[in-house]
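Participant: I need the structure of the sequence given here:
(one chain, ligands or ions: 1)
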Amino acid sequence: MPGSPYTDLDRPPLSAARLARALTGPHGPWRRLELRAETGSTNADVVDAARAGEPEGLVLVAERQTAGRGRRGRVWQSPPRAGIATSVLLRPGEADPERGWSPIAPAAYGWLPLLAGVAVAEAVALLAELDAGLKWPNDLLIDGAKCAGVLAEAVPGNGPTQPPAIVVGIGLNVTLRADELPENPTGLPATSLLLAGATATDRDPLLRALLRALADWYARWRSAGGDAVACGLRDAYLAACATVGREVRVLLPDGAEFRGTATGVDADGQLIVRGPDGERRLAAGDVLHLR
Ligand SMILES: O=C(O)CCCC[C@@H]1SC[C@@H]2NC(=O)N[C@@H]21
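Facilitator: Numbers count the residues shown, from 1 in each chain. Below you'll find the model as predicted:
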């Protein structure tokens, strides 16, 4: 139907059986994988599951989202079968004696959105063979256009002593056509792997690579007690990051704005920006690359 972006069901579906075989069970890194044809938002669903006491390791994947959530209250478009929309439930504050993991203090959880960005960048580099880079904290850019984003949400524990759970949601535009791309209110153009000329746009292997990379980095980070420097996560992040070394414009959550040069990422995952008034460290905010 002309004009409607949501009618193209010629695209192949994901295979729930293949994904579950590769990613769960005795040899898979995740505990449970569920694939839905449609939902409002996989993040909203996994937040609900976390509140209901679901243990760590749930992965929810949707072929289409009707109310996908983006960062800072924005909307994330997920036309059917055209991308990857997935959310995973992590409980980094709980011990896992089987894997020898101790609880991680909430102060280190700020690395989880960056960790997810590294996993997306690695999966895309491996399978799509594109030169993609992360705009801090975790937007995946190809030639300056956004192809993937991450939304991490904290779910408070039941009672003051239970640590929060973290829901990590990842959206990746795989075969979206130009007429299906969203208009980004921050002025950042969007793209998809297909439009960017990817060598491979088969979503099954991409999703497997993404969820494996996410599980691998999470295991390394947890085994290192949440120390992103010791487990090599900060180095991997810097290798994937397209922001460090650039002139940037920063929009802070309170609406304030400043310009400077991004010079690094500190041990807490904060972006270091040198501006006319000295050095600032950002825990949150929107960054635009100027040059
Ligand atoms: O860049 C952003 O603004 C973050 C986008 C995150 C989108 C994903 S799609 C899967 C998961 N479910 C959601 O509702 N949002 C995230």
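Participant: hey, let's count contacts and neighbours off CA atoms from now on
Facilitator: OK.
Participant: wait, residue 125 sits on residue 133?
Facilitator: No - if you go by C-alpha atoms under 8 Å, residue 125 and residue 133 don't touch, sitting 9.5 Å apart.
Participant: Which of those two has more residues huddled nearby?
Facilitator: More crowded of residue 125 and residue 133, by other C-alpha atoms under 10 Å: residue 133, with 28 against 16.
Participant: May I ask which helix or strand encompasses that one?
Facilitator: Using DSSP states H and E, the element containing residue 133 is strand 132-135.
Participant: Distance from the chain centre to the helix or strand immediately after that strand in the chain, please.
Facilitator: Moving toward the C-terminus from strand 132-135, the next helix or strand (DSSP H and E) is strand 139-142. Taking C-alpha atoms, centre = their mean, to the nearest Å, one finds the center of strand 139-142 at 11 Å from the center of the full chain.
Participant: so where's this structure shaky on pLDDT?
Facilitator: Within the chain, the stretches with pLDDT under 70 are 1-9, 185-186.
Participant: Please parse it into its domains.
Facilitator: Split into domains by automatic domain parsing, the chain comes to 16-240, 247-289.
Participant: Could you export those as CSV, including distance to the ligand?
Facilitator: Below are the domains of the chain laid out as CSV (distance: least, C-alpha to the nearest ligand atom, whole Å):
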stretch, distance to the ligand
domain 16-240, 3
domain 247-289, 10
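Participant: Mind checking those for the one nearest to residue 10?
Facilitator: domain 16-240 (8.8 Å; C-alpha to C-alpha).
Participant: which other helices and strands contact the longest helix along the chain?
Facilitator: Across the chain, the longest stretch assigned as helix under DSSP state H is helix 203-223. In terms of contacts (3 or more C-alpha pairs under 8 Å, 6 or more residues apart in numbering; DSSP states H and E), helix 203-223 is packed against helix 16-23, strand 83-90, helix 111-127.
Participant: Buried ones in it, by neighbour count?
Facilitator: 203-215, 217-223 (16 or more other C-alpha atoms under 10 Å).
Participant: How far away from the center of its chain is stretch 163-174?
Facilitator: Relative to its parent chain, stretch 163-174 has a centroid offset of 6 Å by C-alpha atoms, centre = their mean.
Participant: and it, which residues are buried?
Facilitator: Buried-residue list, stretch 163-174, by 16+ other C-alpha under 10 Å: 163-174.
Participant: what's the most distant pair in the residues you listed?
Facilitator: The widest separation within those (C-alpha to C-alpha) is 34.8 Å, between 163 and 174.
Participant: can you give me the strands for this structure?
Facilitator: For the chain, strands defined by DSSP state E occupy the ranges 32-36, 58-62, 83-90, 132-135, 139-142, 145-155, 165-173, 247-251, 257-265, 271-275, 278-282, 286-289.
Participant: Reformat those as JSON lines; add distance to residue 111.
Facilitator: Below are the strands of the chain laid out as JSON lines (distance: least, C-alpha to C-alpha, whole Å):
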{"stretch": "strand 32-36", "distance to residue 111": "24"}
{"stretch": "strand 58-62", "distance to residue 111": "19"}
{"stretch": "strand 83-90", "distance to residue 111": "13"}
{"stretch": "strand 132-135", "distance to residue 111": "14"}
{"stretch": "strand 139-142", "distance to residue 111": "14"}
{"stretch": "strand 145-155", "distance to residue 111": "10"}
{"stretch": "strand 165-173", "distance to residue 111": "11"}
{"stretch": "strand 247-251", "distance to residue 111": "20"}
{"stretch": "strand 257-265", "distance to residue 111": "11"}
{"stretch": "strand 271-275", "distance to residue 111": "12"}
{"stretch": "strand 278-282", "distance to residue 111": "13"}
{"stretch": "strand 286-289", "distance to residue 111": "17"}
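Participant: Can you say which of those is nearest to residue 11?
Facilitator: Nearest to residue 11 among the strands of the chain is strand 83-90 (10.2 Å), distances taken as C-alpha to C-alpha.
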